[in-house]
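> Just a sequence and a predicted model for now, questions to come.
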Amino acid sequence: MIKAHALTKRYGAKTAVDSIDFTVRPGLVTGFLGPNGAGKSTTMRMIMGLDRPSSGSVTVNGLPYARHRAPVRQVGALLDAKAVHPGRSARSHLLAVAATHRIGARRVDEVIGYTGLGPVAGKRVGGFSLGMGQRLGIAVALLGDPATLILDEPVNGLDPEGVVWVRQLARRLAAEGRTVFLSSHLMSEMAQTADHILILGRGRIIADAPVGEILGGVEGESVQVRTPQAAPLARLLEAEGATVPAAELDLLSVRGLTAQRIAEIAAAAGVVIYGLTPVTRSLEDAYMALTRDDVEYRSAEANR
């Protein structure tokens with residue numbers, strides 16, 4: 001379990017993390033989201049004892065990270081896959097980390113096989129692809145068989161097979177009762193992986209809820225209606241309680257009525273319909289709605 005209380009980090013006049021409280025519970029995959037500059041990396045670094053909080057506290061399995069006598073056995077983390085001497089082989093790097101915690105070579109061989117590093121275990125890390133570097137970082141995180149996993153962008157650089165592997169790994173570890181805390185910019189992947197979502201914006205928590213609740217908080221499903229009689233149909237649907245934004249040529253986006261009910265209203269009025277397409281709101285839709293006012297860097301197109 002990871003627990004933060006009034007956790008704050010300031011860099012001079014800038015507050016990167018602003019008095020946040022959260023709990024990451026075992027048995028769940030908790031996704032950590034937020035725009036660039038939101039404070040996600042700073043928060044993860046404070047959890048791992050790499051940055052000292054300006055105030056407040058954060059514990060992992062009941063203690064600050066630095067107070068664990070064998071932290072690799074308590075917490076496995078992937079924060080920077082490139083933080084490896086490029087002249088070392090994958091196996092020698094894992095053996096060096098293992099030696100600091102009296103972890104045997106058998107466990108090193110286990111995680112090499114588990115993460116698919118076998119064919120490159122003897123090769124220098126400096127020649128690794130981004131994806132192989134990620135696999136090595138995950139192998140290090142798993143080395144101590146920890147109760148808590150913290151993975152920052154674990155699918156970065158992985159091929160589709162690797163992305164699926166990380167998803168299945170995260171869910172399997174959570175099913176074993178472990179705490180799994182991971183960040184990703186891939187909303188579609190997070191939607192398939194996470195049980196719970198924590199969203200940070202400008203250093204503050206703007207959402208902390210199960211995925212279903214996050215999705216439920218954004219405007220609900222809509223139905224796209226293609227018709228040559230958009231304006232009269234829009235008036236009929238609004239009279240039935242629907243919300244219909246301004247028509248776009250022959251296309252309406254209708255909220256508040258099912259596709260079946262829309263078809264019935266149109267048929268009764270003799271309105272021609274060429275297509276009805278239900279549109280379900282995604283995690284990306286919810287994320288964009290929640291973080292709309294918290295994006296630090298916005299493109300000119302996004303401001304239109």
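That came through, no problem. Numbers count the residues shown, from 1 in each chain.
> Only the buried residues of the helix or strand hosting residue 170, if you could.
Per DSSP states H and E, residue 170 falls inside helix 160-175. Buried residues in helix 160-175, counted by 16 or more other C-beta atoms under 10 Å: 162-163, 165-167, 169-171, 173-174. From N, CA and C alone the C-beta is placed, and that goes for glycine too.
> Off-centre distance for that helix?
13 Å (C-alpha atoms, centre = their mean, to the nearest Å).
> same thing with stretch 73-92?
22 Å.
> surely residue 17 meets residue 6?
No - judged on C-beta atoms under 8 Å, residue 17 makes no contact with residue 6 at a distance of 10.2 Å.
> Name the residue in those two with the higher neighbour count.
For the pair residue 17 and residue 6, the greater number of neighbours falls to residue 17 (27 against 13), based on other C-beta atoms under 10 Å.
> Please name the bridge partners of that one.
Counting by DSSP bridges, residue 17 is bridged to residue 9.
> Kindly state the pLDDT recorded for it?
Here the pLDDT value assigned to residue 17 is 97.
> picking up where we left off before, past the helix holding residue 170, which element shows up next along the chain?
Next helix or strand after helix 160-175 toward the C-terminus (DSSP H and E): strand 179-183.
> now that next one, how far from the centre of its chain.
From the chain centre to the centre of strand 179-183 is a distance of 8 Å (C-alpha atoms, centre = their mean).
> which helices and strands sit right next to the helix or strand just after it?
Toward the C-terminus, strand 179-183 is succeeded by helix 187-193 as the next helix or strand (DSSP H and E). In terms of contacts (3 or more C-beta pairs under 8 Å, 6 or more residues apart in numbering; DSSP states H and E), helix 187-193 is packed against strand 29-33, helix 160-175, helix 283-290.
> Lowest average confidence across those, which one?
When the helices and strands packed on helix 187-193 are compared on average pLDDT, helix 283-290 comes out lowest at a mean of 75.
> in that one, what counts as buried?
283, 286-287, 290.
> Spit out the contact partners of the closest residue to residue 118 other than its chain neighbours.
Once flanking residues are discounted, residue 118 sits nearest to residue 112: 5.8 Å by C-beta to C-beta, 6 or more residues apart in numbering. Applying C-beta atoms under 8 Å, 6 or more residues apart in numbering to residue 112 gives the contacts 90-91, 94, 118, 121, 139.
> Any stretches of the protein with poor pLDDT?
Across the chain, the stretches falling below the confidence threshold (pLDDT under 70) are 216-220, 247, 280-281, 293-304.
> How much space separates the nearest residue to residue 61 once chain neighbours are set aside from residue 171?
Using C-beta to C-beta, 6+ apart and skipping the chain neighbours, the partner closest in space to residue 61 is residue 74 (5.3 Å). Residue 74 is 21 Å from residue 171, where distance means C-beta to C-beta, to the nearest Å.
> chain center to stretch 42-58: distance?
Distance, stretch centre to chain centre, for stretch 42-58: 20 Å (C-alpha atoms, centre = their mean).
> which non-adjacent residue is nearest residue 195?
residue 28 (4.3 Å).
> Tell me, how many residues neighbour that neighbour?
A total of 19 residues lie near residue 28 under the criterion other C-beta under 10 Å.
> before we move on, the earlier item: let me have the buried residues of helix 160-175 in CSV, adding distance to residue 151 as columns.
As requested, the buried residues of helix 160-175 are exported to CSV (distance: C-beta to C-beta, whole Å):
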residue, distance to residue 151
162, 13
163, 13
165, 13
166, 8
167, 11
169, 9
170, 7
171, 13
173, 10
174, 12
